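**Q** Provided below for reference: sequence and predicted model.
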Amino acid sequence: MKKIILLLACIATGLSLSAQKGDKAAIGSLGYQTDYKRFAIGVQGRYNILDNVRIAPDITFYFPKDKVTGLDVMLNVHYVFKLPQERISVFPLAGLGIQNNFYGRQSVTIGGTEQKTDSHTETDLAFNLGGGITYQVDDRFFLNAEARFILGDNDCAVILIGYGYKF
């Protein structure tokens, strides 16, 4: 619980910077997580702290599969490379976050005897590495694709495709 509170405080601090300067954006995403082979839906905020550097807090919910539901809360940093085509930019990303998985009750067979497992939750600190591409549709709207490796107790890869709006 302390990890969650600390991460939320970091995100709130990052979002409070938006009153000072820089471009801001919000993205809605759909995606897929490889570890549990489950689909995801997420939201991401973006704030440019320098011309080519932005922070990007996000929350991703993973739909239940085999009685496992997930929620990731991440704070990433992007270094943006604007390509000569003007509408396209690419970025590597790195960040920290929290992975939370809820395991529902399950029936398992051990030595020919069926037993029920208790439901439980696991929360772990995670580190992200990845990259993405953005295509600017017009002055305000853009398409976004990201792939990231989440390194922690539940290592996995996540692919997200989203649609965003610049404020």
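**A** Yep, it's here. Residues are numbered from 1 along each chain as shown.
**Q** phi, psi of residue 140?
**A** Per-residue torsions, residue 140: phi -110, psi -30 (degrees, to the nearest 10).
**Q** likewise for residue 138?
**A** Dihedral angles (degrees, to the nearest 10) for residue 138: phi -150, psi -160.
**Q** what's the neighbour count on it?
**A** The number of residues packed near residue 138 is 8, by other CB atoms under 10 Å. No exception for glycine: its C-beta is placed from N, CA and C like everyone else's.
**Q** any idea where the helices of the protein begin and end?
**A** With DSSP state H as the criterion, the chain has helices at 2-16.
**Q** quick one: the residue of it most remote from its centre from residue 105, how far?
**A** Here the chain reaches farthest from its C-alpha mean at residue 112, the gap being 40.6 Å by CA atoms, centre = their mean. Computed as CB to CB, to the nearest Å, the residue 112 to residue 105 distance reads 20 Å.
**Q** now swap in residue 143 and tell me
**A** 40 Å.
**Q** more crowded one of these two?
**A** More crowded of residue 143 and residue 105, by other CB under 10 Å: residue 143, with 15 against 10.
**Q** across the sheet, point out what pairs with that one.
**A** Assessed by DSSP bridges, residue 143 has beta-bridge partners residue 135, residue 163.
**Q** isn't residue 28 up against residue 160?
**A** No. Counting by CB atoms under 8 Å, residue 28 does not reach residue 160; the two are 10.0 Å apart.
**Q** those two: who's more crowded?
**A** residue 160 (23 against 13).
**Q** got a list of what the residue nearest to the more buried one when sequence neighbours are not counted touches?
**A** Spatial nearest neighbour of residue 160, excluding adjacent residues (CB to CB, 6 or more residues apart in numbering): residue 31 at 3.7 Å. Shown in contact with residue 31 (CB atoms under 8 Å, 6 or more residues apart in numbering): 39, 40, 41, 42, 60, 158, 159, 160, 161.
**Q** do the same with residue 125
**A** The contact partners of residue 125, taken as CB under 8 Å, 6+ apart, are 3, 96, 97, 98, 99, 152.
**Q** please name the bridge partners of residue 55.
**A** Beta-bridge partners of residue 55, as defined by DSSP bridges: residue 47, residue 77.
**Q** distance-wise, check it relative to residue 89.
**A** In terms of CB to CB, residue 55 sits 16 Å off from residue 89.
**Q** pLDDT weak spots in this protein?
**A** Where the chain drops to pLDDT under 70, the residues are 1-21.
**Q** one more time with 90, if that's ok
**A** Low-confidence segments of the chain (pLDDT under 90): 1-22, 35-36, 51, 65-68, 84-86, 101, 103-122, 152-154.
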